[in-house]
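> Here is a sequence together with a model predicted from it:
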Amino acid sequence: MKKIDLLHAPFVQEMIETTSNLYRLGWDERNGGNISYLLQEADVLPFIDTKTVIRQIPMNFNGKELAGRYFIVTGSGKYFKNISKNPDEGLGIVRIKEDGQTLELLWGFTDGGLPTSELPAHFMSHIERLKVDPENRIVMHNHATHLLAMTFTHELTERAFTRTLWQMCTECLVVFPEGVGIVPWIVPGTNEIGEATAEKMKEFRLVVWPHHGIYGAGKDMDEAFGLIETAEKAAQVYTYVMAQGGVKQTITDEQLVSLARGFNVVPREGYLK
């Protein structure tokens, strides 16, 4: 059966649109940021021959829990601004071999490129999010500007950071009632930061990397993007509020409790008085 042009695949179009939006927003300067998107075999079969492996790529961690899974991922050193023009260079479809330590490249990275250096952090996060919700398919990392700035000026405890975001925009408690996780500053691209992030992903869909950026996970591109977008808007409001002289009034805990009841969400225990 003749294969359809992969560039017409919905998941490729989603990656092109999302990376373009992230660059436009200034959250993924130069080659900053990365996305991994878990695909079903049925998603890719109309577009590529899954028996044809272009090349094998070793991984520096064991992802055996994801053996046989397919992902479309952004490339190492690739600029998001260029993906819409050259998607087959900036993106790649990979399958994890049974040994859990090797990737099979099925499409993309045509200039000899490699997946993002943050791939261990992505795959470790996928493993933990799938245990929480088997429908979680997206892990997204970017350098959302105001959240990044907030990590220099705000107390870096999860409760305090989360409460401030909840108090800045009414929708925040509804969108991420579990709050926001925070890891210590760790060298990026290492298994150590991947392990720390994945540990937080057991409880949170948003994880802040202080002085660096944020990780978000979701069932689809809209949910993962929307999570980060909502938290970033709250951080932007916080920036403006502090520049205007600080908080004079805010959403109270009592109001947040009423909000949670109204939208049938459960705030993280101990975060509201």
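Happy to help now that I have it.
> part of a helix, is E199?
Yes. Counting by DSSP: H, G, I helix; E, B strand; the rest coil, E199 is found in a helix.
> wouldn't T18 be in contact with I35 here?
Yes. When contacts are counted by CB atoms under 8 Å, T18 is listed as touching I35 (6.6 Å). No exception for glycine: its C-beta is placed from N, CA and C like everyone else's.
> Residues in contact with both of these two, list them for me.
Common neighbours of T18 and I35 are listed as M140 (criterion: CB atoms under 8 Å, 6 or more residues apart in numbering).
> Which one's more surrounded, these two?
Between T18 and I35, counted using other CB atoms under 10 Å, I35 has the larger neighbour count: 29 against 23.
> and that one, what are its bridge partners?
M140 (DSSP bridges).
> What residues does it make contact with?
M15, T18, T19, V73, T74, I138, V139, M140, H141.
> Walk me through the domains of the protein.
With domains defined by automatic domain parsing, the chain comprises 1-116, 118-273.
> Can you flag the weakest of those domains by average pLDDT?
Comparing mean pLDDT over those, the weakest stretch is domain 1-116, at a mean of 94.
> For the stretch 101-250 of the chain, which segments are assigned as strands?
With strands called from DSSP state E, counting those that start in this stretch, the stretch 101-250 of the chain shows them at 102-108, 138-142, 181-182, 206-209, 213-218.
> Name the residue closest to the centre of the protein, please.
M140 (1.8 Å; CA atoms, centre = their mean).
> Check whether that residue really touches G226, as I assumed.
No. Using CB under 8 Å, M140 is not in contact with G226; the gap is 10.5 Å.
> shared neighbours of the two, anything?
Contacts common to M140 and G226, judged by CB under 8 Å, 6+ apart, are G218.
> do you know how far the residue nearest to the centre of the chain is from E98?
27 Å (CB to CB, to the nearest Å).
> Tell me where the longest helix sits in the chain.
helix 221-243 (DSSP state H).
> residues of the next helix or strand after it that come out buried?
The first helix or strand that comes after helix 221-243 along the chain, using DSSP states H and E, is helix 253-263. Residues of helix 253-263 classed as buried by neighbour count (16 or more other CB atoms under 10 Å): L256, L259, A260.
> Check which helices and strands helix 253-263 sits against.
helix 171-175 (3 or more CB pairs under 8 Å, 6 or more residues apart in numbering; DSSP states H and E).
> What lies in contact with the helix it packs on?
Here helix 171-175 has contacts from 165-166, 226-227, 230-231, 234, 256, 259-260, 263, 265, 267, using CB under 8 Å, 6+ apart.
> Pull the most distant pair out of those residues.
G226 and L256 (20.0 Å; CB to CB).
> gap between E89 and G108?
Relative to G108, and taking CB to CB, E89 is found at 7 Å.
> More neighbours: the two, which one.
G108 (24 against 17).
> What's opposite the more buried one in the beta bridge?
G92.
> Same question for P115.
In beta-bridge terms (that is, DSSP bridges), P115 pairs with G75.
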